[in-house]
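> output the structure for:
(2 chains)
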Amino acid sequence: MTLFLKGLSVVAGGVLLGLFVTWLTIVRGAGMGGDVTDGPWRTSLLTGSTEGGMALRATIALHGLFALNRHETIYYTATTDSAGKKLDGACRYTITGRDLPARWWSITAYGADDFLIANKFQRYSVSKTSVVRGADGRFTVTASEDASAANQVATGDGAFSLTLRLYNPDPSVADDPAHVALPEIRESGCP
Amino acid sequence: MNLRENWRYIVVVLAIAFGTYLATVALLPRLVMAVALNKMSSVHGFNAMTHSPRATSAARAVVRPSPDLLYSACPFDLDKAGGMLRVHTGGMPNTYWSVSIFDAQTDNIFALNDSHARNGGIDFILKRSNTPPLADRSKLVLESETPRGLILFRTLIDDDRHLAAIDAARRHAACEPYKP
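As a prediction, the model looks like this:
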């Protein structure tokens, strides 16, 4: 092989490897990333912040563009259930919890393309103002392929993720984001 | 492949791969923002507010939209605006709302919500950080290091029955070039 061809293949190999690593770590990953975990939920207090590092900033640009900083909103994303298994729209999930420590909160399902999932009754999310609670204040939400009633969120039939938004979170969330009483996500049936 | 003979090439490949990764990750936010701004300015141009309908699965302009919020967006270009932009609202709805500013790197450089607003609304000037201060000290003045970016209003739909009223009220939010 001539020196020129050897040099060309070294440069091409390096560029391709670099692009592959970017795809693997930034582009492919579902959800908004983050270095803090709380059960199946992940977050970063640096989302939207000027202090965020390059990798976090790139992840947010691709998977959560225009995310607010932690003083306004804290975002948690789940791509697995509480047992650590990837969320799959072909399965049924039960999401249980109590009101979250924020002025307003919501849980929204997104497809692998990071957009809302098409469904007949347009049930994309539940929120502080729409969720129905039991007498003990707890809520139980079902996430499944189709949704037609209150406390149901449609997931489509493929991979999906859930984003939990805490608007004007209580200061305790930013103080200890890994120990907030966030909802549990339990698989309750797969075909 | 003989590693002993080719280790120099492997080191160069890894170094180029690392450089490519760093460059791509550094450039991605600016690239994504530029694409988003071009998309969002395609209807009303820069320095004008667009009030989007409630997000559904058909919404494809920005990833992870919230279906519980109404978005009003002003893609700005301070160079085209003559250096300054005025952003103001009428009486915003009696529900949670926020206004935030994102620079060309996607950083959220400013955010304020209804609990801090005066008289149920907001009125401020946005200018480049490298331009002289405004003589009129009575105005709230915010600065952006990049000439381009986005001003985004989020208004909560706290009850579907209030949607029409909330939608009408948030449509008073506007942005336009400002001359002192």
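> hang on, residue B:33 in a helix?
Yes. If the criterion is DSSP: H, G, I helix; E, B strand; the rest coil, then residue B:33 is within a helix.
> hmm, it is touching residue B:76, no?
No. At 11.9 Å, residue B:33 does not count as touching residue B:76 under the criterion of CB atoms under 8 Å. All C-beta atoms are positioned from the backbone trio N, CA, C, and that covers glycine.
> common neighbours of these two, please.
Residues touching both residue B:33 and residue B:76 (CB atoms under 8 Å, 6 or more residues apart in numbering or on different chains): B:148, B:149, B:150.
> now do the phi/psi pair for the last one.
To tie it back to what came earlier, the one meant is residue B:150. Backbone geometry at residue B:150, expressed as degrees, to the nearest 10, gives phi -140, psi 140.
> does the nearest residue in space to it that is not next to it in sequence lie in a helix or a strand, and which?
Of all residues not flanking residue B:150 in the chain, residue B:102 sits nearest, at 4.7 Å (CB to CB, 6 or more residues apart in numbering or on different chains). Residue B:102 belongs to strand B:97-103 when assigned by DSSP states H and E.
> with residue B:112 instead?
Assigned by DSSP H and E, residue B:112 belongs to strand B:108-113.
> please apply the same query to residue A:187.
Element membership of residue A:187 [criterion: DSSP H and E] is strand A:184-189.
> quick one: the strands in chain A?
Here chain A has its strands, by DSSP state E, at A:36-38, A:41-43, A:73-78, A:92-97, A:102-111, A:125-127, A:139-144, A:152-154, A:160-169, A:184-189.
> now find how far off-centre the second one is within its chain.
Strand A:41-43 has its C-alpha centroid displaced from the chain centroid by 7 Å (CA atoms, centre = their mean, to the nearest Å).
> over to the third one?
Strand A:73-78 has its C-alpha centroid displaced from the chain centroid by 7 Å (CA atoms, centre = their mean).
> can you list contacts of that strand?
The contact list for strand A:73-78 (CB under 8 Å, 6+ apart) reads A:30-34, A:38, A:40-43, A:45, A:47-48, A:64, A:67, A:87, A:102, A:161-169, A:173-174, A:177, A:182, A:185.
> just the buried residues of these.
Neighbour counting with 16 or more other CB atoms under 10 Å in any protein chain shown marks A:30-34, A:38, A:40-43, A:45, A:47-48, A:64, A:67, A:87, A:102, A:161-169, A:173, A:177, A:182, A:185 as buried within these.
> filter those down to the ones near chain B?
When contact is defined as CB under 8 Å from any CB of the partner chain, the buried ones among the contacts of strand A:73-78 meet chain B at A:32, A:48, A:64, A:67, A:163, A:165, A:167, A:168.
> for chain B, what spans make up the strands?
Using DSSP E, strands in chain B cover B:50-51, B:69-77, B:84-88, B:97-103, B:108-113, B:123-128, B:140-144, B:148-156, B:174-177.
> give me the angle between the fourth one and strand B:148-156.
In other words, strand B:97-103. Counting by axes from the mean of the first three to the mean of the last three CA atoms, to 10 degrees, strand B:97-103 points 160 degrees away from the direction of strand B:148-156.
> ok, and what's touching strand B:97-103?
Counting by CB under 8 Å, 6+ apart, A:66, A:68, A:72, A:167, B:33, B:87, B:89, B:108-114, B:122, B:126, B:142, B:144-146, B:149-156, B:170, B:173 sit against strand B:97-103.
> buried ones among the residues you listed?
Of these, these count as buried by 16+ other CB under 10 Å: A:66, A:68, A:72, A:167, B:33, B:87, B:89, B:108-114, B:122, B:126, B:142, B:144, B:146, B:149-156, B:170, B:173.
> how close does residue B:15 sit to residue B:7?
Residue B:15 is 13 Å from residue B:7, where distance means CB to CB, to the nearest Å.
> who has more neighbours, the two?
Neighbour totals were compared for residue B:15 and residue B:7, and residue B:15 leads with 13 against 10 (other CB atoms under 10 Å in any protein chain shown).
> wait, that one touches residue A:14, no?
Yes. The criterion here is CB under 8 Å, and residue B:15 meets it with residue A:14 at 7.0 Å.
> quickly list what the spatially most central residue of chain A is bridged to.
The residue lying closest to the centre of chain A (CA atoms, centre = their mean) is residue A:77, at 2.4 Å. Beta-bridge partners for residue A:77, by DSSP bridges, are residue A:42, residue A:163.
> in chain A, what helix or strand scores lowest on average pLDDT?
Every helix and strand in chain A was compared by mean pLDDT, DSSP states H and E; the lowest is helix A:54-63, with a mean of 85.
> show me what it packs onto, helices and strands only.
Secondary-structure packing of helix A:54-63 (3 or more CB pairs under 8 Å, 6 or more residues apart in numbering or on different chains; DSSP states H and E): helix B:3-44.
> do the helix it packs on and chain A meet?
Yes. Helix B:3-44 reaches chain A (CB under 8 Å from any CB) through B:9, B:12-26, B:28-29, B:32-33, B:36.
> how far off helix A:54-63 does the longest helix along chain A point, in degrees?
Assignment by DSSP state H gives helix A:3-22 as the longest helix of chain A. With the same axes, to 10 degrees applied, the angle from helix A:3-22 to helix A:54-63 works out at 70 degrees.
> in helix A:3-22, what's buried?
Within helix A:3-22, the residues that qualify as buried are A:10, A:13, A:14, A:15, A:17, A:18, A:21, A:22, counting by 16+ other CB under 10 Å.
> again with stretch B:85-100
Buried residues in stretch B:85-100, defined by neighbour count with 16+ other CB under 10 Å: B:85, B:86, B:87, B:89, B:92, B:93, B:95, B:96, B:97, B:98, B:99, B:100.
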